[in-house]
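[1] Below: sequence and its predicted model.
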Amino acid sequence: PNLETISLLKPDLILGWQVANSEVYPSLSQLAPTILYDWQGTKTWREYFNFMAEVLNREDAAERAWSDYYDRVEQLKTALGDRYANKTISFVYFCCDGFGSQAPESFMGSILEDIGLQRPSSQAKPAPPYGEIQFSEERLPEADGDVIFLASYYDSDRAYLNSILEKPLWKQLKAVQQNHVHIVDAETWRGGNLLAAHAIIDDLSKYLLDTPSSES
């Protein structure tokens with residue numbers, strides 16, 4: 001970080017990533033009280049939220065925020081009942097001329113786990129260090145599930161996604177044949193905060209509680 005620029009900002013508090021800033025911690029701490037966090041990707045999103053609440057003395061607000069989240073989780077679990085007890089939920093995202101998913105320890109994986117939704121076997125195992133799972137076109141059947149949530153980032157990714165959707169192998173997937181494929185926002189599903197978590201619950205409520213629709 002540019003210490004001169006930070007100094008001009010006259011910060012009251014400096015928060016930083018331990019891995020990237022540990023060497024300049026002494027210099028940063030001379031500018032303002034400095035706290036570094038060992039951020040390890042979105043899999044630690046709960047810990048990071050609580051860390052921020054503690055540092056900013058907002059524990060009461062954090063407790064209310066978590067209460068709201070878990071209330072919604074329980075409401076959705078109750079509404080779903082046992083209709084997905086023996087079904088799997090797949091998440092597939094397209095980025096940078098490739099596609100993949102995320103393991104249970106990831107952000108979206110932890111939310112599906114909270115709700116009690118099962119993942120396909122290819123997405124049900126830990127994938128250290130950040131929970132990323134990569135697929136190839138030949139392994140496309142491993143991305144299948146009873147329901148598939150599909151996401152892409154950029155226009156170029158959308159073009160690649162569209163090319164996959166035309167593949168005979170894609171059209172053979174169970175979720176595709178049963179019209180249980182839904183397009184969702186990649187930034188949301190691979191987010192890492194409570195706002196994104198609530199948005200995922202919105203998507204799950206919309207598509208799992210209503211009659212499954214075709215790809216869009």
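    Here it is on my side, so go on. Numbering: from 1, shown residues only.
[2] where does this structure have its least confident helix or strand?
    helix 155-165 (a mean of 81; mean pLDDT, DSSP states H and E).
[3] List the buried residues of the following helix or strand past it.
    Next in sequence after helix 155-165, counting helices and strands by DSSP states H and E, comes helix 168-171. By 16 or more other CB atoms under 10 Å, the buried positions in helix 168-171 come out as W170. Bear in mind the C-beta positions are built from the backbone N, C-alpha and C, glycine included.
[4] what does stretch 19-27 give?
    Result for stretch 19-27 [16+ other CB under 10 Å]: buried residues N21.
[5] which helices and strands does the least confident helix or strand of the chain pack with?
    The helices and strands touching helix 155-165, judged by 3 or more CB pairs under 8 Å, 6 or more residues apart in numbering; DSSP states H and E, are strand 89-95, strand 98-102, strand 147-152.
[6] got the angle between that helix and strand 147-152?
    140 degrees (axes from the mean of the first three to the mean of the last three CA atoms, to 10 degrees).
[7] starting at the chain centroid, how far to helix 155-165?
    21 Å (CA atoms, centre = their mean, to the nearest Å).
[8] Same list, the helices and strands packed on helix 155-165, but as a markdown table with mean neighbour count and distance to I201 please.
    Compiled in a markdown table, the helices and strands packed on helix 155-165 are given as follows (neighbours: other CB atoms under 10 Å; distance: least, CB to CB, whole Å):
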| stretch | mean neighbour count | distance to I201 |
| --- | --- | --- |
| strand 89-95 | 23 | 13 |
| strand 98-102 | 21 | 17 |
| strand 147-152 | 22 | 13 |
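[9] Thank you, goodbye.
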